[in-house]
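1. with the input below, show me the fold.
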Amino acid sequence: MSQPLLTQAQIAERIPHAGSMVLLSAVLSADAQQLIATAELRSDSPLAFEGKLGSETLLEYAGQCMAIHGAVAADGSQNATARLAFISQVKSFQWLADVLPEATATITVNQQGGTADGAIYQFVAEADGIELGNGVISIMFSR
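-> Model (predicted):
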């Protein structure tokens with residue numbers, strides 16, 4: 001297996017989360033339009049409720065991917081820090097299971113468009129070759 005583009009420790013240095021809220025395990029690849037990352041889906045996640053990780057939490061996993069993508073794409077390097085942003089709209093969110101399995105997920109985000117104020121991303125999450133969910137998310141950058 002090849003080395004990841006960013007490790008979990010490097011991701012933690014770039015997003016405004018700490019400890020167990022750094023959900024991404026690694027960034028596998030990134031370019032101007034796309035980022036692919038992995039995450040461990042676990043029942044002891046801080047997003048889990050009563051030991052179950054709901055599919056709606058995929059929005060946070062995708063959000064962290066978008067934050068890292070924005071930093072890498074804007075700076076052109078792996079050393080940039082993500083800009084503070086918030087999810088402003090979710091469209092076409094489809095989850096394919098109520099509860100996520102305990103597995104290593106691959107999350108792919110594709111930037112569909114962007115301005116100085118925000119961006120639109122399409123995302124898909126899958127584990128063990130099975131799609132877990134997908135959707136379109138708009139983000140707005142903090143000023």
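2. what helices and strands are in contact with the longest helix seen in the chain?
-> Ranked by residue count, the top helix of the chain under DSSP state H comes out as helix 58-75. Packing contacts for helix 58-75, counted by 3 or more C-beta pairs under 8 Å, 6 or more residues apart in numbering; DSSP states H and E, involve strand 24-30, strand 34-41, strand 85-95, strand 103-114, strand 118-127, strand 130-141. C-betas here are computed from N, CA, C, even on glycine.
3. might you calculate how far that helix sits from the centre of the chain?
-> Centre-to-centre, helix 58-75 and its host chain are 6 Å apart (C-alpha atoms, centre = their mean, to the nearest Å).
4. just the buried residues of that helix, please?
-> 58-73 (16 or more other C-beta atoms under 10 Å).
5. alpha carbons of that helix, in CSV - could you do that?
-> What follows is helix 58-75, C-alpha atoms only, in CSV (Å, rounded to 0.1, in the frame of the first residue of the first chain):
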residue,chain,number,x,y,z
LEU,A,58,-21.8,11.0,6.7
LEU,A,59,-22.4,14.8,6.3
GLU,A,60,-19.7,15.5,8.9
TYR,A,61,-17.3,13.0,7.3
ALA,A,62,-17.8,14.7,4.0
GLY,A,63,-17.5,18.1,5.6
GLN,A,64,-14.1,17.3,6.9
CYS,A,65,-13.1,16.0,3.5
MET,A,66,-14.3,19.3,1.9
ALA,A,67,-12.3,21.3,4.5
ILE,A,68,-9.1,19.5,3.7
HIS,A,69,-9.8,19.7,0.0
GLY,A,70,-10.3,23.4,0.2
ALA,A,71,-7.0,23.9,2.0
VAL,A,72,-5.0,21.7,-0.4
ALA,A,73,-6.7,23.0,-3.5
ALA,A,74,-6.3,26.7,-2.5
ASP,A,75,-2.7,26.4,-1.4
